[in-house]
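> Sharing a model prediction with you, sequence too.
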Amino acid sequence: MELMIKNARVTGKSTLVDLAIENGLFADIGPQLERKAERTIDAGGRLVIPPFIDPHIHLDAVLTAGNPRYNISGSHPEGIEVWGEYKKANAGFSDLKARARRAVEWEVASGTLFMRSHVDICDPDLTALKILLELREELRELVEIQIVAFPQDGILAYPRGKALMREALGLGADLVGGIPHCEMTREDGVASIDFVFDLAAEFDRGIDVHCDETDDDHSRFLEVMAARTIRTGYRDRVTAGHTTAMHSYNNAYAHKIQGLLVQGGLNIVANPFDNIVLQGRFDTYPKRRGITRVKELLAAGVNVSLGHDSIMDPWYPLGAGDMLSVARMAIHACHMSGYDEMHRIFETITHNSARTMGISGRYGLKTGNPADLVILDTHSVLDALRLSPARLFVIKAGRIVAETRPAESRIHSGGQEKRVDFEMPEKR
Ligand SMILES: [Zn+2]
């Protein structure tokens with residue numbers, strides 16, 4: 001045995017288990033395994049989980065907040081303005097690789113080992129795409145990254161948009177993106193989705209489209225994607241991101257859409273950080289939350305996962321690459337603070353995202369799977385969501401790729417010093 005994790009608390013198991021790791025795979029999982037290992041880590045009853053997954057991030061824009069200036073209003077239109085100014089001031093994206101690498105390291109240190117990044121291909125030279133394709137290879141030891149060819153300014157609305165999309169796939173982008181609600185007309189939006197599906201079939205790639213990211217309840221491209229998915233049988237390989245217009249659809253229409261999504265087997269990715277601050281900006285009061293219907297979609301049986309979307313960029317100024325904080329935002333913004341609901345949200349940053357990324361077959365704490373796991377400095381899923389505890393060890397294919405020493409707080413009172421523990425003792 002290369003590595004043995006002792007006394008792990010694993011969801012769905014009533015007793016603590018040991019995880020034996022050999023040749024980068026889980027060789028055995030069970031209570032009190034009697035096997036010798038080169039190295040043993042005692043989890044001491046702490047929670048051991050499969051890695052977090054971030055299925056929606058924009059690595060070309062991460063960590064640019066303040067460069068060349070901050071978004072003063074915080075609005076979506078000003079974010080686009082600032083992004084344009086950034087691109088002018090940073091010709092050639094000379095800072096991109098260092099920024100993106102740093103953001104990926106934050107995610108890995110926080111327990112994320114799989115990411116899907118959209119990359120803006122509305123650039124005649126495809127500079128950002130080429131840099132991130134290189135970085136994808138350089139970081140392979142740490143994290144698996146899928147890259148989406150993302151037409152930020154539209155496929156039909158941007159000069160040579162179709163040719164650039166095709167070129168991006170030829171260079172090695174993993175998925176075909178789109179942004180139908182930003183095309184000039186409804187008809188162009190529909191035509192862009194047809195193009196996306198045709199291109200995906202031609203290159204045998206998955207689809208991940210920014211779809212209906214607006215408060216306009218007339219933005220109805222998700223139904224077009226769902227219908228096309230049903231007709232092509234592309235199923236799990238199709239993902240729609242944001243879908244915030246669904247927040248504003250009337251309930252009868254939303255019900256119809258949910259049925260189509262279930263029938264087509266599409267994945268939905270909600271991005272609560274960006275959408276809670278960017279949507280509802282044209283509202284006075286009441287102000288809509290602008291998040292897609294996560295609770296209702298999950299109840300209907302749709303595969304929903306959560307993305308970080310932005311880390312300190314012109315659209316969202318905060319974030320540190322921690323999927324647990326994304327989950328916590330979703331619990332608040334989606335009214336999912338019920339006991340079972342919080343556990344379902346935990347699934348949206350783990351198993352549901354694995355399905356979205358098409359890696360379910362090799363994901364999870366199961367004998368024979370790659371030994372990817374995170375040891376959290378806590379004892380329950382709810383305390384993980386509440387505390388964002390230290391990721392004591394992040395392990396990829398049996399190798400420790402990140403370690404964190406937990407912080408320690410002390411109270412000084414009445415001449416005494418006492419350690420403060422934020423967990424409830426009875427949870428141990
Ligand atoms: Zn996005």
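In hand now; what should we look at? Residues are numbered from 1 along each chain as shown.

> Only C-alpha atoms from now on, for both contacts and neighbour counts.
Fine.

> count of neighbours near Val48?
With neighbours defined by other C-alpha atoms under 10 Å, the count for Val48 comes to 28.

> which residue packs closest to it, ignoring adjacent ones?
Ile375 (4.6 Å; C-alpha to C-alpha, 6 or more residues apart in numbering).

> Using PDB, write out every CA atom in stretch 134-145.
Extracted in PDB, the C-alpha atoms of stretch 134-145 (Å, rounded to 0.1, in the frame of the first residue of the first chain):
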ATOM      1  CA  GLU A 134      -1.000  25.400 -22.600                       C
ATOM      2  CA  LEU A 135      -1.800  26.000 -18.900                       C
ATOM      3  CA  ARG A 136      -4.300  23.100 -19.000                       C
ATOM      4  CA  GLU A 137      -1.400  20.800 -19.900                       C
ATOM      5  CA  GLU A 138       1.100  22.400 -17.400                       C
ATOM      6  CA  LEU A 139      -1.400  21.900 -14.500                       C
ATOM      7  CA  ARG A 140      -2.500  18.400 -15.400                       C
ATOM      8  CA  GLU A 141      -0.600  17.000 -12.300                       C
ATOM      9  CA  LEU A 142      -2.800  19.200 -10.000                       C
ATOM     10  CA  VAL A 143      -6.200  19.400 -11.700                       C
ATOM     11  CA  GLU A 144      -8.200  18.300 -14.700                       C
ATOM     12  CA  ILE A 145      -9.400  21.300 -16.700                       C
END
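
> so how far is Thr11 from the residue nearest to Val48?
Distance, Ile375 to Thr11, using C-alpha to C-alpha, to the nearest Å: 13 Å.

> what residues are shared contacts of the two?
Common neighbours of Ile375 and Thr11, counting by C-alpha atoms under 8 Å, 6 or more residues apart in numbering, are Leu47, Ile49.

> Determine which member of those two has the greater number of neighbouring residues.
Ile375 (27 against 14).

> got the contact list for the more buried one?
The contact partners of Ile375, by C-alpha under 8 Å, 6+ apart, come to Ala43, Arg46, Leu47, Val48, Ile49, Arg391, Leu392, Phe393, Val394.

> One more: Ile21?
By C-alpha under 8 Å, 6+ apart, Ile21 lies in contact with Met1, Glu2, Leu3, Met4, Ala27, Asp28, Ala371, Gly398.

> The same query, at a cut-off of 7 Å, please.
By C-alpha atoms under 7 Å, 6 or more residues apart in numbering, the contact set of Ile21 is Met1, Glu2, Leu3, Met4, Ala27, Ala371, Gly398.

> how would you label Asn275: helix, strand or coil?
Using DSSP: H, G, I helix; E, B strand; the rest coil, the structure places Asn275 in helix.

> And for it, the neighbour number?
23.

> What confidence value was assigned to it?
With respect to pLDDT, Asn275 has a value of 96.
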